[in-house]
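*Asks:* kindly return the folded structure for what I paste below:
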Amino acid sequence: MSRQIRIKEYIIPLLLLVLILFTGHVSVDNSSFPLIAALLFLPFLDIQWKLPTFSVTRNKVILWLACLLVIVAIALVYQDYFYYAWVMLFLVALPEEWFFRGYLLKRLSLIDNISIAQNSYLIANIISSIAFSLLHALTRGLPVAFEVFLPSLFFGWLYQKTNDLILCIFIHTISNLMFVLFINDQLSIVRKFLGYDIE
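*Replies:* Residues are numbered from 1 along each chain as shown. Purely as a prediction, here's the structure:
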């Protein structure tokens, strides 16, 4: 009986992950809105999942405001990316962090079979980062999947250490903006050399 319960613990997160990956692969008129909706709302179908806790302290608010100021500064300094910065915050970082850290990472770290004392969160972080990379492979291509794996591990580690999903959303946004502004052009040279030309 206990083995059946453990198997059931895997079923809902795996089904939701498959739905997310399918939604990411099949887009409607090249729109990402079905994927965003799936990332935001599918976790509510898992009755064993608990909403992430949001505690507000003075230090957290100061940190959130500092991150928000960085995002605003980037949007104002690089005015061509003003709209992109807000899209990145609300339509990319928020749904991705909500699903992959707030739901999948948290949910996987609670499954008994991968609870190997201190390693359960590390294993859950690796699995959720692989899933995060897989989603990017389906939506953006294989090179991007490799590029997002390490940042995903970092976001998972940050969430583990702070239990602050809002901070992870802000850091994810800043990371994506820094990547687009300063790193993407250099990587495009490498991608072209390797034969992976993505937009």
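*Asks:* what does the helix or strand Val144 falls within contact?
*Replies:* Of the helices and strands defined by DSSP states H and E, Val144 is found in helix 142-162. Defining contact as Cβ atoms under 8 Å, 6 or more residues apart in numbering, one finds that helix 142-162 is touched by 97, 100-102, 105, 121, 124-126, 128-130, 132-134, 136-137, 164-165, 167-168, 171-172, 175, 179, 187, 191, 194, 196, 198. Quick note: C-beta positions are derived from backbone N, CA and C, even for glycine.
*Asks:* so what's the gap between it and the chain middle?
*Replies:* 8 Å (Cα atoms, centre = their mean, to the nearest Å).
*Asks:* now whichever helix or strand comes after it against helix 142-162, angle please.
*Replies:* Using DSSP H and E, the helix or strand that follows helix 142-162 in sequence is helix 165-178. Here helix 165-178 runs at an angle of 150 degrees relative to helix 142-162 (axes from the mean of the first three to the mean of the last three Cα atoms, to 10 degrees).
*Asks:* and whichever strand or helix holds Lys106, what's its mean pLDDT?
*Replies:* In the assignment (DSSP H and E), Lys106 maps to helix 106-108. Taken as a whole, helix 106-108 carries a mean pLDDT of 87.
*Asks:* also stretch 177-189?
*Replies:* Average pLDDT, stretch 177-189: 80.
*Asks:* again, but for stretch 35-44
*Replies:* Stretch 35-44 carries an average pLDDT of 83.
*Asks:* and it, what's buried?
*Replies:* Leu35, Ile36, Ala38, Leu39, Leu42, Pro43 (16 or more other Cβ atoms under 10 Å).
*Asks:* ok now whichever strand or helix holds the first one, how far from the chain's centre?
*Replies:* Looking back up the chat, that one is Leu35. If you go by DSSP H and E, Leu35 is part of helix 33-41. Distance of helix 33-41 from the chain centroid (Cα atoms, centre = their mean) equals 13 Å.
*Asks:* quick check: the closest residue to Ile174 other than its chain neighbours vs Val61, distance?
*Replies:* Among residues not flanking Ile174 along the chain, Val70 sits closest, at 5.6 Å (Cβ to Cβ, 6 or more residues apart in numbering). From Val70 across to Val61, the span is 15 Å (Cβ to Cβ, to the nearest Å).
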